[in-house]
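In: Sharing a sequence plus its predicted fold:
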Amino acid sequence: MANVGDRLLVHGHVVGQADRQAEIIEVRGAEGAPPYLVRFPDGHESLVYPGPDAIIEPAS
């Protein structure tokens, strides 16, 4: 489950592919469940349903 301000870390799927990070800016599911509206460091925003290769890091 996630909260606004948490970080979403998605591991690369292939050797050499970099991990991707994004900030969760909106939680649209019930009780912190997906989907999440996220903002990537380049400013791109996307609605995501994270898979098993994703980790949610709580905001500090």
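Out: That came through fine.
In: Just say helix, strand or coil for the residue nearest to the spatial centre of the chain.
Out: The chain has L8 as the residue nearest its centroid, 2.9 Å off, counting by Cα atoms, centre = their mean. When classified by DSSP: H, G, I helix; E, B strand; the rest coil, L8 comes out as strand.
In: Ok, L37 next?
Out: L37 is classified as strand under three-state DSSP.
In: Correct me if wrong: it contacts G29.
Out: No - assessed by Cβ atoms under 8 Å, L37 is found out of contact with G29, at 10.9 Å. Heads up, the C-betas are built off the backbone N, CA and C, glycines and all.
In: Just the pLDDT for the closest residue to the residue nearest to the centre of the chain other than its chain neighbours.
Out: Closest residue to L8 in three dimensions, ignoring its sequence neighbours and counting by Cβ to Cβ, 6 or more residues apart in numbering: A22, at 4.8 Å. Looking at A22, its pLDDT stands at 97.
In: And for A18?
Out: Note for A18: predicted pLDDT of 81.
In: who are the neighbours in contact with it?
Out: Counting by Cβ atoms under 8 Å, 6 or more residues apart in numbering, A18 touches G12.
In: What of P34?
Out: A2, R28, V48, Y49, P50 are the contacts of P34 under Cβ under 8 Å, 6+ apart.
In: Also V27?
Out: A2, N3, V4, A33, Y36, L37.
In: Kindly recompute the last result at 6 Å.
Out: Under the criterion of Cβ atoms under 6 Å, 6 or more residues apart in numbering, the neighbours of V27 are A2, Y36.
In: So in terms of bridging, what pairs with it?
Out: Y36 (DSSP bridges).
In: separation between it and A59?
Out: Here the criterion is Cβ to Cβ, to the nearest Å. By it, V27 lies 12 Å from A59.
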